[in-house]
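Peer 1: need a 3D model of the sequence below.
(chains A and B)
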Amino acid sequence: MKYKKWLIGWIVLVAIMLTMIGGFVYKIDPYLHYHAPDTEKYYYSLDNERSQNNGIIKHFDYDALITGTSMTENFRTSEFDDIFDVKSIKVAYSGGTYKEINDNIAVALKNNPDLRVIVRSLDYDYLLSDNNSVRTDLGEYPTYLYDDNPFNDVYYLFNKDVIFSRAYDMVASARIEGAQPGITSFDSYSRWQDEYSFGKKSIIPEGISVTSGEPIHLTEEEQNIIYDNLTQNVTSLADEYPKVDFYYFFSPYSAVWWALHANDGTIYRCLEAEEYAIELILNHPNIKLYSFTNCTNITTNLNYYKDITHYGEWVNSYMLKAMREGKCLLTKENYKEYLQEERFFYTTFDYNSLNEQKDYEDDSYAGVLLGIGE
Amino acid sequence: MQFNSFTFILLFLPITVVMYFVGSKIRPLFGKIILIVASVIFYAYKDWTIFAMLGISMLVNFMAAMLMKKFEKFSKFFMLLPIIINVVLLFYFKYWNFFITTSGQVLGKECAIKEMIQPIGISFFTFQQIAYIVAVYNEEIEKISLIDYLLYILYFPKILMGPLMDPVDFSQQINNSSLKKIKWDNIACGVKIFSLGLFKKVMLADVFAVGVAWGFSNVDNATAMDWILVMLFYTLEIYFDFSGYSDMAIGVSQMLNIELPINFDSPYKALSIRDFWKRWHISLTKFFTKYIYIPLGGSRKGMRLTCVNTMVVFLISGLWHGANWTFLLWGALHGIFMIIDRIFEKKEDEVFLPVRWILTYGIINVLWLLFRADNIGQWLAILRTVLKMQNTMISDGLINCFILQETCFLTEILHLQWSNVIRGFWMFVYLIFAMGICLIPENNCKNCDKMSVGTMVLAAIAFVWGLICLSSESVFVYFNF
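Peer 2: Just a heads-up that it's a prediction; the model follows:
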């Protein structure tokens, strides 16, 4: 066979195969990158936030969204829809920084003019992060799904995992008799509630020792970091979209989190950082800022937590209802009182008493106490 | 930049090949400059700062070559000086911490390890520098050209992992005007070798690597049978990894009409350790022979000195492969087996061939295991587990390493549903397939001009299959959980 003919044949064969593979991935589109899911034919598993959220944001029909870190993963959109009378999606980013979450809200607002309500968690842990910091330690970010460069889509279209473990698997599953097409519900998407146990044994199995560290206060430099972070990643979108309601809330971390900060003296820095953040945010009328940190019946009961910060779904439900009813809402009038109360409680609380707590035999009892579940 | 990346395959390679021939058509010098620029981009794609060390090394060596020509009376000095500098730099970057740690252990002191970034490809470009300096000293290179020198050292298909190439051969090819035009036969052969090399790397080496990684992360739990398999898998991994890379390098270079030396010639068909070293990493063996073994006297000064020279070469070879006692012992054992082969050469010829093959392959396997082990103690512990043969079960973890994303697809299109009841089916398919490739066909490079519809389809499938392995799903691990 002549070399030229061989080469032309090779090119044609490769082109045909790559077109077929790329076309196949485009048609099924497991990451929802190109179009809305074909839920009449295939079942779409939502299980990879960084790869699928961007597609959900761009191609779904919704007028409200829940976003944030793992603090929002146990929210149920069905509950949110009922309480707020909206049609919502949930796009959480485990461990996401303020920037990452804000960038994705910006995409949602740009692509969906119907969007009118946004619920978002604000983690204390990331208040002092650089305004441009993103988590590079979690895995390789699929940036090719987020930009407008069609050429780097090869990473998606010619991706063995996507081709075989996603697209082919969806087609094969659809062929099984009795298979139901559809999509993972947003109630289940990202939800981790059932994967963990809650209570003192999970959080501080060895107990907690209490010391009192030298007080560390917020510096001017740190204040500038907070300013840059919040201005860029929290308040700017609210100014840009004045008709959208932003429901932002400080996630209620457990008393153990406060204890650790009390031990090393950084509790004062945390409180001062929060105060400064609140003052910055309250200047924006379309942001409704909530804090549940003073719900000490929650934060001091370790049965609501699986670790020092992550609370169970009962707390998510409680917060949704509270936000709708305007409970725990911070205003220019009440925030000083809130801060005073918070400061007094967490700097004087007897953290040793946490060691005496008993775990509930059934984790769900924690919900009953909050009036959630049975 | 890596050969096995979208950026290289879909962007860098086609652009470089087209620009090289267009540049060469305008003026041969332009073609060379284009290749130098492309090579710098290739080398420093991820981090430009790593080019600094290579830049300094090139400056020193080229200056020495110039001075050697200018001051012929001191040519020996200007030959030795850069060689010493090259070796010292290699020692510093690659072996300093090993030296410090070992000295500390001997002296019973704790010595601080120096944090440093090892320039990529240092082991290879150091040897290329030495080869160039010696060629200038021996007057094999008559006219020194900066462009030719830069291109010889930087030439992207070989800069990171070889094959090591003779500077005279390279110079002749790069200055051959008949090789400045596009040659479809070379493009086709290059594409074929590259496609098969890509498949070897990403579909064979990388899959066996998962099995091997499983073994070494379960050292205490793996059974004797697990270790026998892991040993076989590593033998296959290292071959497909390195020979796959070499094939890609040779293929890419062939597209540019530069023939790189063959690096692997079906090494696992070897019938003795001497035979193995004639087939494994051939360009390195040739380098050691030319620059160490022969200057030491080679085999011309009696059996005793031949044995000593062989041991010296293999100890250096062991150390060159890595800074660890395992590599040194690996080199020493290979040296010993080389000597045994030399002494009993005639008697070995009388042994039944399959027995010779099994013995040779067995030794190679056991020594590769040492090469891979974290330390000699671990290697011995694994060998003890194998020899005791107390547990012949194959662990599920190891078997599951070979359940690939495409397994369901292949099961369906090949109607292999019956195989679902056979435990470890895909692992053994993989093993048999890989061994078949090692033992049955001729080497890719030797076969490269066989152009049939079959090879076209095979190369196209290998390329596409290899290409789709270059991207994987991003999985995020939230460490708080």
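Peer 1: strands along the stretch 251-374 of chain A, start to end?
Peer 2: Taking DSSP state E, counting those that start in this stretch, the strands of the stretch 251-374 of chain A run over residues A:287-291, A:329-330.
Peer 1: so which of those comes closest to residue B:354?
Peer 2: Across the strands of the stretch 251-374 of chain A, the minimum distance to residue B:354, taken as CB to CB, is reached by strand A:287-291, at 77.8 Å. Backbone N, C-alpha and C define where each C-beta goes, glycine included.
Peer 1: other SSEs contacting the closest one?
Peer 2: Contact analysis of strand A:287-291 by 3 or more CB pairs under 8 Å, 6 or more residues apart in numbering or on different chains; DSSP states H and E lists strand A:245-250, helix A:267-281, helix A:313-325, strand A:329-330 as its packing neighbours.
Peer 1: run the chain-centre distance for stretch A:279-295.
Peer 2: How far stretch A:279-295 lies from its chain's middle: 18 Å, per CA atoms, centre = their mean, to the nearest Å.
Peer 1: quick revisit: out of the strands of the stretch 251-374 of chain A, which is closest to residue B:91?
Peer 2: Of all the strands of the stretch 251-374 of chain A, the one in closest proximity to residue B:91, counting by CB to CB, is strand A:287-291 (60.4 Å).
Peer 1: between that closest one and helix A:313-325, how big is the angle?
Peer 2: Comparing the axes of strand A:287-291 and helix A:313-325 via axes from the mean of the first three to the mean of the last three CA atoms, to 10 degrees yields an angle of 140 degrees.
Peer 1: for the chain, give me the ranges with low pLDDT.
Peer 2: No chain in the question, so chain A it is. Along chain A, the model assigns pLDDT under 70 to residues A:1, A:372-374.
Peer 1: ah, no, chain B please
Peer 2: Residues of chain B that meet the cut-off, pLDDT under 70, sit at B:475-481.
Peer 1: for residue B:36, which of the strands of the stretch 251-374 of chain A is the nearest?
Peer 2: The closest of those to residue B:36 is strand A:287-291. By CB to CB, the value is 56.5 Å.
Peer 1: for that closest one, give me every contacting residue.
Peer 2: Taking contacts as CB atoms under 8 Å, 6 or more residues apart in numbering or on different chains, the residues outside strand A:287-291 that touch it are A:234-235, A:238, A:245-250, A:252, A:274, A:278, A:281-282, A:319, A:322-323, A:328-330, A:338, A:342.
Peer 1: got a list of contacts for stretch A:120-127?
Peer 2: Against stretch A:120-127 from outside (CB under 8 Å, 6+ apart): A:66-69, A:71-72, A:97-98, A:101, A:105, A:226, A:229-230, A:234, A:246-251, A:253, A:257, A:270, A:273-274, A:277, A:309.
Peer 1: do that again at 7 Å, thanks
Peer 2: A:67-69, A:71-72, A:97-98, A:101, A:226, A:229, A:246, A:248-251, A:253, A:270, A:273-274, A:277 (CB atoms under 7 Å, 6 or more residues apart in numbering or on different chains).
Peer 1: also stretch B:354-367?
Peer 2: Outside stretch B:354-367, the residues that reach it (CB under 7 Å, 6+ apart) are B:231-232, B:235, B:268, B:270-273, B:276, B:330, B:333-334, B:337, B:348.
Peer 1: alpha carbons only: can I get stretch B:68-75 in CSV?
Peer 2: Taking C-alpha atoms only, stretch B:68-75 is exported to CSV below (Å, rounded to 0.1, in the frame of the first residue of the first chain):
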residue,chain,number,x,y,z
MET,B,68,38.7,23.3,22.5
LYS,B,69,38.8,24.2,18.8
LYS,B,70,40.6,27.5,19.4
PHE,B,71,43.3,26.3,21.8
GLU,B,72,44.1,22.8,20.5
LYS,B,73,47.0,22.5,22.9
PHE,B,74,44.6,22.5,25.8
SER,B,75,41.9,20.5,24.2
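Peer 1: show me what contacts the closest residue to chain A within the stretch 1-150 of chain B?
Peer 2: Distance from chain A to each residue of the stretch 1-150 of chain B (CB to the nearest CB) is smallest for residue B:6, at 5.3 Å. By CB under 7 Å, 6+ apart, the contact set of residue B:6 is A:154, A:155, B:470.
Peer 1: can you map out the helices along the stretch 201-350 of chain B?
Peer 2: Under the criterion DSSP state H, counting those that start in this stretch, the stretch 201-350 of chain B contains helices at B:206-217, B:224-255, B:273-279, B:282-288, B:302-321, B:325-343, B:345-349.
Peer 1: most tightly packed of the ones you listed?
Peer 2: helix B:224-255 (a mean of 24; mean count of other CB atoms under 10 Å in any protein chain shown).
Peer 1: in which helix or strand would I find residue A:10?
Peer 2: helix A:3-28 (DSSP states H and E).
Peer 1: how many neighbours does residue B:281 have?
Peer 2: By other CB atoms under 10 Å in any protein chain shown, the residues close to residue B:281 number 21.
Peer 1: that one against residue B:263, yeah?
Peer 2: Yes. Applying CB atoms under 7 Å as the test, residue B:281 and residue B:263 come out as touching, 6.0 Å apart.
Peer 1: follow-up on the earlier one: save the strands of the stretch 251-374 of chain A as a markdown table, and put in mean neighbour count too.
Peer 2: A markdown table is the format used below for the strands of the stretch 251-374 of chain A (neighbours: other CB atoms under 10 Å in any protein chain shown):
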| stretch | mean neighbour count |
| --- | --- |
| strand A:287-291 | 20 |
| strand A:329-330 | 19 |
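Peer 1: for residue A:128, find the nearest of these.
Peer 2: Using CB to CB, the strands of the stretch 251-374 of chain A put strand A:287-291 closest to residue A:128, at 17.2 Å.
Peer 1: show me what from the stretch 301-450 of chain B comes close to chain A.
Peer 2: Within reach of chain A by CB under 7 Å from any CB of the partner chain, the stretch 301-450 of chain B has these residues: B:405, B:406, B:408, B:409.
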